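Asks: The following comprises the amino acid sequence and a computationally predicted model.
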Amino acid sequence: MQKRDLLLGMLLMGMLCARVALGAEAHPNDEKAIRALNQRFHDAFKAKDVHAIMSVYVPDESLVVFDVIPPRQYVGAKAYRKDFEDFIAAFPGPMEYEITDLSITASGTLGYSHRIDNLVLTDKEGKQVQLAVRVTDVYRKSQGKWLIIHEHVSVPVDLATGKPDVLSKP
């Protein structure tokens with residue numbers, strides 16, 4: 001009897017520790033909130049509103065981004081803000097932007113998503129540039145609000161030629 005009670009107590013303690021380690025249960029509205037965050041990003045990007053774009057990212061130096069363009073990484077919100085400012089300055093003309101294949105997973109205070117961003121950008125000379133990029137985001141929920149803490153933007157590369165496939169298809 002004592003052995004069984006001890007084992008039961010250990011099992012319950014293990015379950016409690018696992019719950020604490022993994023964080024709170026995912027709230028049913030977490031996916032909806034992250035989907036809304038992606039829509040806010042989409043709308044801000046189309047409006048070329050850097051302040052609104054950056055509102056979906058953690059606002060401190062803990063943000064890490066691997067972008068499709070050099071440098072290898074951006075560390076901190078200030079560095080990534082500058083990247084967006086430079087990007088928008090390089091493509092001041094009309095823009096088309098569509099998010100497809102958005103998949104979201106959230107559990108407790110962490111979540112991630114992946115999507116395809118299809119863009120048609122117009123540079124300073126009026127030339128259109130079309131590309132499709134892969135975006136993976138990692139989110140953290142703090143004080144009831146989801147923010148991106150890590151982002152990875154990429155394009156496939158043809159290893160035989162070393163050239164990026166900016167219009168990649170599945």
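Replies: Great, that's in hand. Residues are numbered from 1 along each chain as shown.
Asks: so which helix or strand takes in the residue nearest in space to the middle of the chain?
Replies: Among the residues of the chain, the one closest to the centroid is Asp137, at 2.2 Å (Cα atoms, centre = their mean). For Asp137, the element it lies in under DSSP states H and E is strand 128-142.
Asks: Give the buried residues for the very next helix or strand once past that strand.
Replies: Following strand 128-142 in sequence order, the next helix or strand is strand 145-154 (DSSP H and E). For strand 145-154, the neighbour count (16 or more other Cβ atoms under 10 Å) marks 146-152 as buried. Every residue, glycine included, has its C-beta placed from N, CA and C.
Asks: hmm, back to that, so the residue nearest to the centre of the chain versus Pro92, what's the distance?
Replies: 26 Å (Cβ to Cβ, to the nearest Å).
Asks: What's the local residue count around the nearest residue to Lys46 once chain neighbours are set aside?
Replies: Distance criterion Cβ to Cβ, 6 or more residues apart in numbering; nearest residue to Lys46, sequence neighbours excluded, is Tyr97 at 5.3 Å. When neighbours are defined as other Cβ atoms under 10 Å, Tyr97 has 14 of them.
Asks: show me where pLDDT drops low in the protein?
Replies: 1-26 (pLDDT under 70).
Asks: Show me the strands in it, by range?
Replies: In order along the chain, the chain carries the following strands (DSSP state E): 64-66, 74-75, 96-107, 110-122, 128-142, 145-154, 157-158, 163-164.
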